[in-house]
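1. Structure for the following, please:
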Amino acid sequence: MAEVRAEMVANVWKVVVREGDTVSEGDTLVILESMKMEIPVLAEDDGTVAQLKVAEGDVIQEGDLIAVIDD
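-> Have a look, this model is predicted:
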């Protein structure tokens, strides 16, 4: 199981995956917006999205949990 956490304070601009989706390493999970830049958050491992902890429009802080990926 891998936790995907925010690396910065940002707005959740777009959620690309849903719980139950299968992802591969490098797939985009969500797109964050910070200082007019779009920052993709990528899966670090292959697996299934077990939990998605953010929604479009959320403001997240550095270290906040974005998603949990099961092997």
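2. switch to C-alpha atoms for all contacts and neighbour counts from now on
-> Fine.
3. can you tell me the helix or strand for Ile69?
-> Per DSSP states H and E, Ile69 falls inside strand 65-70.
4. Which residues does that strand contact?
-> Strand 65-70 is contacted from outside by 1-6, 43, 45-54, using Cα atoms under 8 Å, 6 or more residues apart in numbering.
5. change it to 7 Å
-> Residues from elsewhere that reach strand 65-70, judged by Cα atoms under 7 Å, 6 or more residues apart in numbering: 1-6, 47-54.
6. Select only the buried ones of the residues you listed in PyMOL?
-> Of the contacts of strand 65-70, the buried ones go into a single PyMOL selection, burial set by 16 or more other Cα atoms under 10 Å:
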select buried, resi 2+4+5+6+47+48+49+50+51+52+54
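7. Out of the contacts of strand 65-70, which is nearest to Thr22?
-> Nearest to Thr22 among those is Thr48, at 4.4 Å by Cα to Cα.
8. Figure out the helix or strand that the closest one lives in.
-> Under the criterion of DSSP H and E, Thr48 resides in strand 47-52.
9. Let's test this: mean pLDDT of that strand, rounded?
-> The average of the pLDDT scores along strand 47-52 is 97.
10. start the count at 5, not 1, going forward
-> OK, 5 is where the count begins now, so the last one is strand 51-56.
11. And the next helix or strand past it?
-> The first helix or strand that comes after strand 51-56 along the chain, using DSSP H and E, is strand 63-64.
12. before we move on, back to that, mind putting the contacts of strand 69-74 in a markdown table, distance to Gly30 included?
-> Converted to a markdown table, the contacts of strand 69-74 look like this (distance: Cα to Cα, whole Å):
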| residue | distance to Gly30 |
| --- | --- |
| Met5 | 16 |
| Ala6 | 14 |
| Glu7 | 14 |
| Val8 | 12 |
| Arg9 | 15 |
| Ala10 | 16 |
| Gly51 | 11 |
| Thr52 | 13 |
| Val53 | 14 |
| Ala54 | 17 |
| Gln55 | 18 |
| Leu56 | 17 |
| Lys57 | 19 |
| Val58 | 19 |
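13. which residue packs closest to Ser28, ignoring adjacent ones?
-> The shortest distance from Ser28 to any non-neighbouring residue, by Cα to Cα, 6 or more residues apart in numbering, is to Asp50 (4.1 Å).
14. Noted, bye for now.
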